[in-house]
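**Q** Below: sequence and its predicted model.
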Amino acid sequence: MDQRIIKLAKNLVNHSCRLKEGEKVLIEAYGDTTKDLVKALVKEAYSVGALPFVTIKDNSILRAILKDCSVEQLQHMAKYELERMKDMDAYIGIRGGDNSTELSDVADEKMKLYSQYFMNPVHMAERVNNTKWVILRYPNNSMAQLANTSLEAFEDFYFDVCCLDYSKMEKAMDSLCELLSKTDKVRIKGVGTDLTFSIKDIPNVKCFGLRNIPDGEVYTAPVRESVNGVISYNTPSNYQGFTFENITFEFKDGKIVKATANNTEKINQILDSDEGARYIGEFAIGVNPYVLKPMKDTLFDEKIAGSIHFTPGQAYKQANNGNKSSIHWDLVLIQREEWGGGEIWFDDKLVRKDGIFVLDELKGLNPENLK
């Protein structure tokens with residue numbers, strides 16, 4: 001087996017989930033290419049005395065179920081999955097499907113029901129809040145195509161990104177967390193973007209390989225009704241099987257009052273899923289030095305160095321602004337110079353310009369200092 005897979009499995013078990021003897025871990029994997037990592041994870045879990053449970057899933061099968069499912073069926077599926085998740089101490093989710101748009105022709109109403117009855121209670125409410133969890137993608141030809149590269153080149157990139165020194169990153173994040181804790185007003189400026197909001201008294205969380213691989217972000221949330229202005233995202237986002245581009249949101253008192261994209265009707269249908277879908281549940285700053293361009297894969301794109309993501313929908317319990325929704329949609333704005341530039345201001349002080357931190361205490365988070 002590729003030694004890089006074994007190293008990744010060790011990191012996931014020992015760093016990300018910190019499994020202990022007797023703990024139960026659910027390993028949930030999508031796609032045939034993930035099997036080597038699953039086997040390495042099972043072996044590593046046993047080595048620390050943990051109990052691994054494995055489920056292999058496939059989006060083509062999920063598509064077949066969702067096309068003709070009933071509300072009652074989704075409720076039963078959610079019930080069984082929720083009970084299993086409640087019985088777990090940890091969760092490792094590996095995404096490696098060979099078609100990122102497999103669910104594109106499932107009716108919007110079915111996808112909405114799937115989020116409402118399945119994703120939100122099982123994963124957002126139970127897994128996120130009550131287990132030690134980590135989610136990652138696994139390299140395959142589909143991901144290499146999204147990144148416009150060969151599979152071999154993408155695998156080299158992938159293992160660089162996923163196996164960097166996250167302990168070093170963790171220490172470098174301390175100063176940003178301290179500054180966020182003292183900040184009230186945030187202003188985001190850029191091409192087509194001028195946004196203000198407050199983060200006063202909202203907790204912040206540093207992400208350094210415990211929950212996502214790859215990782216590299218610090219997140220908080222805006223005070224729910226404080227967001228005003230406009231944001232124009234400059235990265236595509238694959239959501240519910242459709243690739244959205246040129247997304248622009250206009251806010252008034254926290255609510256998205258106008259939303260446009262390459263499919264304006266579809267994006268507004270998503271934002272009308274429930275009341276909380278038009279409010280923001282997360283504001284995060286991305287810092288991974290190896291992730292530099294979008295590949296329509298959220299787990300990578302939201303970590304892009306010099307980026308932010310500003311997320312409609314459900315807030316995390318750890319940085320809770322009270323917003324509740326069946327969706328949580330991480331949308332990314334890259335502010336590096338080659339992407340149009342941009343600025344982040346905290347309480348009228350410039351913090352980051354064109355993707356580079358300018359305050360001395362934050363320069364440890366710049367790419368050259370994290371590699």
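**A** Great, that's in hand.
**Q** Helices of this structure, residue ranges please.
**A** 3-11, 35-47, 59-67, 71-86, 108-114, 128-130, 141-146, 151-162, 166-182, 264-271, 298-301 (DSSP state H).
**Q** Export the ones you listed as JSON lines, with columns for mean neighbour count.
**A** Placement of C-beta: from N, CA and C, glycine included. Below are those laid out as JSON lines (neighbours: other C-beta atoms under 10 Å):
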{"stretch": "helix 3-11", "mean neighbour count": "17"}
{"stretch": "helix 35-47", "mean neighbour count": "18"}
{"stretch": "helix 59-67", "mean neighbour count": "15"}
{"stretch": "helix 71-86", "mean neighbour count": "15"}
{"stretch": "helix 108-114", "mean neighbour count": "18"}
{"stretch": "helix 128-130", "mean neighbour count": "14"}
{"stretch": "helix 141-146", "mean neighbour count": "18"}
{"stretch": "helix 151-162", "mean neighbour count": "18"}
{"stretch": "helix 166-182", "mean neighbour count": "17"}
{"stretch": "helix 264-271", "mean neighbour count": "17"}
{"stretch": "helix 298-301", "mean neighbour count": "23"}
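**Q** and of the ones you listed, who's closest to Asn228?
**A** Asn228 lies closest to helix 264-271 among those, at 17.3 Å (C-beta to C-beta).
**Q** Enumerate every residue touching the spatially closest residue to Asp98 that is not a sequence neighbour.
**A** Spatial nearest neighbour of Asp98, excluding adjacent residues (C-beta to C-beta, 6 or more residues apart in numbering): Ser142 at 4.8 Å. Contacts for Ser142 (C-beta atoms under 8 Å, 6 or more residues apart in numbering) come out as 97-100.
**Q** Now render the helices of the chain as TSV, adding distance to Gly190.
**A** Converted to TSV, the helices of the chain look like this (distance: least, C-beta to C-beta, whole Å):
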stretch	distance to Gly190
helix 3-11	34
helix 35-47	37
helix 59-67	34
helix 71-86	39
helix 108-114	31
helix 128-130	30
helix 141-146	24
helix 151-162	25
helix 166-182	19
helix 264-271	20
helix 298-301	17
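**Q** how about those, which one is nearest Thr235?
**A** Between the helices of the chain, helix 298-301 lies closest to Thr235; by C-beta to C-beta that is 5.8 Å.
**Q** Can you tell me what sits against the closest one?
**A** Contacts for helix 298-301 (C-beta under 8 Å, 6+ apart): 95, 135-137, 161, 212-214, 235, 237-238, 291, 294-295, 307, 330, 332.
**Q** and that helix, what's its mean pLDDT?
**A** The average pLDDT within helix 298-301 is 90.
**Q** Kindly report the same for stretch 242-261.
**A** 97.
**Q** What lies in contact with that stretch?
**A** Here stretch 242-261 has contacts from 101, 104, 192, 195, 222-233, 236-238, 262-263, 266-268, 271, 278-280, 296, 312, 331, using C-beta under 8 Å, 6+ apart.
**Q** Now do the buried residues in stretch 314-328.
**A** 314-316, 319, 321, 323-328 (16 or more other C-beta atoms under 10 Å).
**Q** okay, who's weakest in the residues you listed by pLDDT?
**A** Lowest confidence among the buried residues of stretch 314-328: Ser326, with 90.
**Q** can the buried residues of stretch 314-328 go into CSV with extra columns for distance to Ala45?
**A** Shown next, in CSV, are the buried residues of stretch 314-328 (distance: C-beta to C-beta, whole Å):
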residue, distance to Ala45
Gln314, 29
Ala315, 31
Tyr316, 26
Ala319, 30
Asn321, 35
Asn323, 35
Lys324, 34
Ser325, 33
Ser326, 32
Ile327, 32
His328, 28
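**Q** Strands along the stretch 251-371 of the chain, start to end?
**A** According to DSSP state E, counting those that start in this stretch, the stretch 251-371 of the chain carries its strands in the segments 255-260, 280-286, 307-312, 332-334, 342-346, 349-353, 356-357.
**Q** Report how many residues lie close to the closest residue to Asn59 other than its chain neighbours.
**A** Residue nearest to Asn59 in three dimensions, not counting chain neighbours: Glu102, with 4.1 Å by C-beta to C-beta, 6+ apart. The number of residues packed near Glu102 is 18, by other C-beta atoms under 10 Å.
**Q** List the contacts of Glu102.
**A** 59-60, 62-63, 241.
**Q** got the contact list for Gly342?
**A** For Gly342, the contacting residues are 188-191, 193, 333, 335, 353-355, by C-beta under 8 Å, 6+ apart.
**Q** Closest one to Asn366 out of these, please.
**A** Gly355 (8.8 Å).
**Q** now the closest one: how far from Met124?
**A** Separation of Gly355 from Met124 (C-beta to C-beta, to the nearest Å) stands at 30 Å.
**Q** who's more crowded, the two?
**A** Taking neighbours as other C-beta under 10 Å, Gly355 and Met124 compare with Gly355 leading, 25 against 21.
**Q** Just give the closest residue to Leu146, not the sequence neighbours.
**A** Leaving out its chain neighbours, the residue that sits closest to Leu146 by C-beta to C-beta, 6+ apart is Met295, at 4.4 Å.
**Q** Was I right to think the one you found contacts Thr149?
**A** No. Contact between Met295 and Thr149 fails when scored by C-beta atoms under 8 Å: they sit 9.2 Å apart.
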